[in-house]
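Student: Sequence first, predicted coordinates after that:
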Amino acid sequence: MANTLEVVKFRDVITITDIPRYVPDQEYPTLEILGEDFSSVEEVYLNEARFTNYIVVNRNVLWLVLPLNLGELRTVEVVSGNFTKTAASSKLEFKIGMRPRRIEGILKLVQLYTKWMLQSPGSDIFQPRRGGGLQDIAGSLISLDRMDPILSALTRAIQTTTAQIRESQVKMQGLSMDERLLDAVLLDVDRSEQRLEVRVRVHVISMAGDEAISALVL
C-alpha cells in the first residue's frame, strides 16, 4: 500500500469532563483536570498557548501547574498523540516535526483533502485550477454578520475540493480503496466573533467505508 510523509498533523482533543478543584498542599497553584483518557497526552494548551508544566496522574486525572502571572484562566485544551478518526474535534498543525512519520489509508486521505481544500487556485503553476480556496476566504468569514454567506463559501470550497480529488484519483493506478475519496460532508460550523475564529468540521469518507473528521480552526 502506498504511503506518504505526514505534514498535516491531526491530533485528537481529549474531552475534559470536569475541573473540580485546586490540588491542596502544592508549592504552586495546581489545577486538577478530569477527562476521558489522558494516557496519550502529547500537548496541553492553556489560554491557547502551548504549556509543558503538567503531570498525568492516571488515565482520567491530569494536574496542570499554573504560572503565577496567568491572570484570567479562559481555556484549557488537552491534545492526544493519537488520531482516532471519530473524535468530536482535532487539532491540526502543518509541520513535519522532529520525528517524521509516514502515513497511509484514511489519515493520508484526510491530509490530502485538507491541503487541497485550503489551497488557493493559482498557487500551483502546474495545476492552476487546483484548490478549494478556503484559505483565501478565511479572513472574510469573521466580518460577516450572517451565517448564510459563511455556509455558502464553505459549501463551495468542499464541493470544489471533492470534485477535484475524485477527478484526479480516477487516473491513479494501484491506489487503495481506503485512500480513494467517496464523499465529504460539512458537519457543522461554529463562529466566535470574540475569538475571531470559525471552527469547521468536515466528514471525509473513503471508498472502503473508512471515515474521519477534519476539524479546522480558521
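Tutor: It's in.
Student: Give the full set of residues in contact with the residue lying closest to Glu77 once chain neighbours are set aside.
Tutor: Excluding its sequence neighbours, the residue lying closest to Glu77 (CB to CB, 6 or more residues apart in numbering) is Tyr45, at 4.1 Å. C-beta here means a position set from N, CA and C on the backbone, and glycine is covered the same way. Counting by CB atoms under 8 Å, 6 or more residues apart in numbering, Tyr45 touches Phe51, Thr75, Val76, Glu77, Val78, Val79.
Student: before we move on, what about Leu134?
Tutor: Applying CB under 8 Å, 6+ apart to Leu134 gives the contacts Met117, Leu118, Leu154, Ala157, Leu216, Leu218.
Student: what's near enough to touch the fifth one?
Tutor: Right, Leu216. Leu216 sits next to Leu92, Thr114, Leu118, Leu134, Arg199, Val200, Arg201, Val202 when contact means CB under 8 Å, 6+ apart.
Student: Thr162: which of these is nearest?
Tutor: Ranking these by separation from Thr162, with CB to CB as the measure, puts Val202 on top at 9.6 Å.
Student: if you count residues, which strand in the chain comes out on top?
Tutor: Among the segments of the chain that qualify as a strand by DSSP state E, the longest is strand 181-192.
Student: that older thread, could you dump the contacts of Leu134 to JSON lines with secondary structure?
Tutor: Formatted as JSON lines, those follow (DSSP: H, G, I helix; E, B strand; the rest coil):
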{"residue": "Met117", "secondary structure": "helix"}
{"residue": "Leu118", "secondary structure": "helix"}
{"residue": "Leu154", "secondary structure": "helix"}
{"residue": "Ala157", "secondary structure": "helix"}
{"residue": "Leu216", "secondary structure": "strand"}
{"residue": "Leu218", "secondary structure": "coil"}
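Student: Neighbour-wise, which one of these leads?
Tutor: Note: the member of the contacts of Leu134 with the most neighbours is Met117, at 26 neighbours, neighbours being other CB atoms under 10 Å.
Student: I'd like the average pLDDT over stretch 15-22.
Tutor: Confidence over stretch 15-22, taken as the mean pLDDT, stands at 86.
Student: now stretch 54-68
Tutor: Per-residue pLDDT over stretch 54-68 has a mean of 85.
Student: Just the residues contacting it, thanks.
Tutor: Contact with stretch 54-68 is made by 23, 26, 28-39, 41, 44, 46, 51, 53, 73, 76, 78, as judged by CB under 8 Å, 6+ apart.
Student: Out of those residues, which end up buried?
Tutor: Using 16 or more other CB atoms under 10 Å as the burial test, the contacts of stretch 54-68 include 23, 30-33, 35, 38, 41, 44, 46, 51, 76, 78 as buried.
Student: Can you tell me which of these is nearest Glu167?
Tutor: Taking CB to CB as the measure, Val78 is the one of the buried ones among the contacts of stretch 54-68 closest to Glu167, at 39.3 Å.
Student: Appreciated, that's everything.
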